[in-house]
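K.L.:
Sharing a model that was predicted from the sequence below.
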Amino acid sequence: MLGAKKKPINQAPQSNTPASIKAVQNGMVSIPDIIAPSSVEVDFGHIRVGEKYYKSLFVVGYPRFVSANWLEPLIDFDHSMNISMFIYPALSADVLSDFI
């Protein structure tokens, strides 16, 4: 074929390495620049990391008896959420003394 370009014999095949990894390899960006968020804001009602907002709620005094699906409003919430429950064992006598 006339005008067709020939590849050099010793040329390595092109890799599918992401641009961020290439930038680190070339020294243009450091690992902390990639891992660390662009900003962190700590406020009384929330924490903002980059463009995402986070909030923690501490709930005490769960009801003694609950109906079926009592956590449904939280589970079916339209946004992503992590729910953790921590239950600490206590002696019955200590718990009963708090009621008196």
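P.N.:
Sure thing, it's come through. This is a predicted model, so every value here is computed, not measured. Residues are numbered from 1 along each chain as shown.
K.L.:
Which residue ranges of the protein form helices?
P.N.:
Assigned helices in the chain, in chain order: 19-25, 31-35, 72-75, 92-99 (criterion: DSSP state H).
K.L.:
so how far is the longest one from its chain's centroid?
P.N.:
With C-alpha atoms, centre = their mean, to the nearest Å as the basis, the distance from the averaged C-alpha position of helix 92-99 to the chain average is 38 Å.
K.L.:
for that helix, packing partners?
P.N.:
Based on contacts counted as 3 or more C-beta pairs under 8 Å, 6 or more residues apart in numbering; DSSP states H and E, there is no element that helix 92-99 packs against. In short, each C-beta sits where N, CA and C put it, glycine included.
K.L.:
helices and strands of the protein: which one has the lowest mean pLDDT?
P.N.:
Lowest on mean pLDDT, DSSP states H and E among the helices and strands of the chain sits helix 19-25, with a mean of 71.
K.L.:
Low-confidence stretches in this structure?
P.N.:
Within the chain, the segments meeting pLDDT under 70 span 1-17, 20, 24.
K.L.:
Pick the most buried one from the helices of the chain.
P.N.:
Per-stretch averages of neighbours, counted by mean count of other C-beta atoms under 10 Å, single out helix 19-25 among the helices of the chain, with a mean of 12.
K.L.:
what sits up against that helix?
P.N.:
Outside helix 19-25, the residues that touch it by C-beta atoms under 8 Å, 6 or more residues apart in numbering are 17, 29-31, 34.
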